[in-house]
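> Dropping the sequence and predicted coords here.
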Amino acid sequence: MPVGEIASEFLGGALRLIGNLLLEVVLEFLIRGPGYLLCKPFKKDVDPEGGLAAFVGIVFWVIVAIGAWLIYQEASEAVAVEKCLDSDGAYDRQLQKCVTG
């Protein structure tokens, strides 16, 4: 067996192992973990490996992402207002722009 084939087989196996580990970490800890923790107070016999925990975990992360986006939008507007006021302008919230004059 040539060295290139051996290296290719080794590299392919290593990448599959890393991919499976990453998938396991994402699925178990980042999705099912929060889902299980959120379900546990409401349903005592919830299966940590079940679909309910996965579904609730996905919903949790969607809500976190939406919340982060809304906070980012508010922070962006606050920065725009500060820059406008620092340049001796007046910020029009309806037009969402700085009015100088």
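Nice, thanks for sending it over.
> Buried residues, the top helix by length along the chain. List them.
Ranked by residue count and defined by DSSP state H, the top helix of the chain is helix 51-86. By 16 or more other CB atoms under 10 Å, the buried positions in helix 51-86 come out as 53-54, 56-57, 60, 81, 84. C-beta here means a position set from N, CA and C on the backbone, and glycine is covered the same way.
> For it, enumerate the helices and strands it packs against.
helix 33-39, strand 90-92, strand 97-99 (3 or more CB pairs under 8 Å, 6 or more residues apart in numbering; DSSP states H and E).
> Give the other helices and strands that the longest one contacts.
Contact analysis of helix 33-39 by 3+ CB pairs under 8 Å, 6+ apart lists helix 51-86 as its packing neighbours.
> returning to that earlier point: pick out the most distant pair among the buried residues of helix 51-86.
By the measure CB to CB, 53 and 84 form the most distant pair in the buried residues of helix 51-86, at 46.9 Å.
> and the longest helix of the chain, average pLDDT?
For helix 51-86, mean pLDDT rounds to 92.
> Now do it: distance to the chain's middle.
Here the centre of helix 51-86 is set off from its chain's centre by 10 Å, with CA atoms, centre = their mean, to the nearest Å.
> Excluding residues flanking it in the chain, which one is nearest residue 59?
Leaving aside its sequence neighbours, residue 59 sits nearest to residue 35 (CB to CB, 6 or more residues apart in numbering; 7.9 Å).
> Isn't the one you found up against residue 47?
No. Using CB atoms under 8 Å, residue 35 is not in contact with residue 47, being 10.5 Å away.
> Find residues that contact each of these two.
residue 53 (CB atoms under 8 Å, 6 or more residues apart in numbering).
> Same drill for these two, tell me which one is more crowded.
Taking other CB atoms under 10 Å, residue 35 and residue 47 do not tie; residue 35 has more neighbours (24 against 12).
> Check the spacing between that one and residue 95 real quick.
Separation of residue 35 from residue 95 (CB to CB, to the nearest Å) stands at 43 Å.
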